[in-house]
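*Asks:* Provided below for reference: sequence and predicted model.
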Amino acid sequence: MCELPLLSIGEDHRLIVANSVGFAFGPLCWAPISEIWGRKLSMLPAMFCLGLFSIATAVGKNAETIFISRFFGGLFGSAPVSNVSAAIGDLWHPRVRGTAITFYAIAVVGGPTLGPIIGSALLVNPHLGWRWTEYIEAIWTFTIVGITFFALPELYAPVILKRKAQRLRKETGNQALYHPHERIKLSPRTIVTKHFSRPLIMLLTEPMVTAIALYASFVFGILYLTLEVFPIVFEEHRGWSPVVGSLPFGALFIGVCAAIFINLANQPRYARISDAAKGKPVPEARLAPMAVGGFLFAIGLFWFGWTATPSVLWISPVFAAAFIGAGFNVIFQQCINFLVDTYGLYAASAVSANTFLRSVMAAGFPLAAPPMFHNLGVGPAMSILGGVATIAIPVPFIFMKYGLTLRKKSKFAPVEED
């Protein structure tokens, strides 16, 4: 096989953009599919295609093939991110759902922090190389698809009840048995104009989706900018090898895991508030940990920026990275919790609207990272990011105060008056 040389810095960032753009537009398809035909059908075929496009990237002999296959990899790979959180909402009662989301978020947020470590180890291994990052991704993807094909039942209540109604009609002959989900009229026009457009409609017309998506997307964009500074700080400035230079990403993962304790600490309080509301979800009760996460995130950014210089012992920016990881994961988890609590049956579309906006920002922000950090310096550039994060600290408190008012304006999840 002809070995494609490593991509240049510019091509590498365009590759990130291609993948992120695919990741942005994929949820606009997968969430509506899950709300028409169910969670399982919306995820497993897409994941199978992700495995195929991972192989296509691995065997690609030119940059164009790799860009295209990574775009479609992002497009199909976004299906679980769109729908798993909604499926958790199908499976767990609001009183205990926060615990499930907490551990789910470890995979979503923690996985990318371990990716650079695994990737650099494969890259420097003379018997493997960068193509094996894609081969291993394909192997894992096909393995998970195989397991979930047999082990994952359908979880979306309208689809389950529709199938039950169809079965009972066949068994009893009683044609009066039906579920409203059967009466959905599907045509190419309605699928596009009503169902596939729902995430974008929610993003543009649902005040709570818009507010949460903007907040989560700015935080996500800041995180992506921060990830770009790690090679600069630890490889360029300190002269560490690629594998050793990627190990500080492990501190981000430790911070991501530490966020578990912050979010779980809110569960008893949320359960009491939910019980007082007669078991109904109370999205605003999810926001106290988010406020803590905002402080941790801002502190970590400032701390990292001003201790990143080689004259400061490496352990200081590594500890700061743990604060960044913890703060971000707390914010991410509670944003997902809030949307699932609020939108119920339309949670997949609400989460997809959020995923779309943050993926668009994730596509653009890394392009600005190299000139920003090289021209301004790590300390001043990180201070700008820390300043933006500091400005965003009041956002959870604003949501606590006005969240119910914004939710009352919803057309997809009207608030029931007591």
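*Replies:* Sure thing, it's come through.

*Asks:* what secondary structure does residue 185 sit in?
*Replies:* coil (DSSP: H, G, I helix; E, B strand; the rest coil).

*Asks:* next one: residue 278
*Replies:* Assigned with three-state DSSP, residue 278 falls in the coil class.

*Asks:* burial measure for it, as a count.
*Replies:* 7 (other CB atoms under 10 Å). To be clear about C-beta, it is placed using only N, CA and C from the backbone, and glycine gets the same treatment.

*Asks:* give me every residue that touches the closest residue to residue 42 other than its chain neighbours.
*Replies:* Spatially, and ignoring its direct neighbours in sequence, residue 42 is nearest to residue 34 (3.6 Å; CB to CB, 6 or more residues apart in numbering). By CB atoms under 8 Å, 6 or more residues apart in numbering, the contact list for residue 34 reads 41-43, 82-83, 86, 156, 348.

*Asks:* among those, which lie within helices?
*Replies:* Those of those mapping onto helices are 41-43, 82-83, 86, 348, per DSSP state H.

*Asks:* would you turn those residues into JSON lines with distance to residue 333 and pLDDT?
*Replies:* JSON lines is the format used below for the ones in helices among the contacts of residue 34 (distance: CB to CB, whole Å; pLDDT from 0 to 100):
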{"residue": "41", "distance to residue 333": "27", "pLDDT": "92"}
{"residue": "42", "distance to residue 333": "22", "pLDDT": "92"}
{"residue": "43", "distance to residue 333": "21", "pLDDT": "93"}
{"residue": "82", "distance to residue 333": "17", "pLDDT": "80"}
{"residue": "83", "distance to residue 333": "17", "pLDDT": "89"}
{"residue": "86", "distance to residue 333": "15", "pLDDT": "87"}
{"residue": "348", "distance to residue 333": "17", "pLDDT": "85"}
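
*Asks:* residue contacts, residue 156?
*Replies:* Residue 156 neighbours (CB under 8 Å, 6+ apart): 34-35, 38-39, 87, 90.

*Asks:* from those, which land in helices?
*Replies:* Of the positions in these, 34-35, 39, 87, 90 sit in helices, assigned by DSSP H.

*Asks:* relative to residue 253, which of these is nearest.
*Replies:* Among these, residue 87 lies closest to residue 253 (CB to CB), at 24.4 Å.

*Asks:* my guess is the closest one contacts residue 153, does it?
*Replies:* No: with contact defined as CB atoms under 8 Å, residue 87 and residue 153 do not form a contacting pair (10.3 Å).

*Asks:* comparing those two, which residue is more hemmed in?
*Replies:* Legend: neighbour count by other CB under 10 Å for residue 87 and residue 153, higher for residue 87 (25 against 10).
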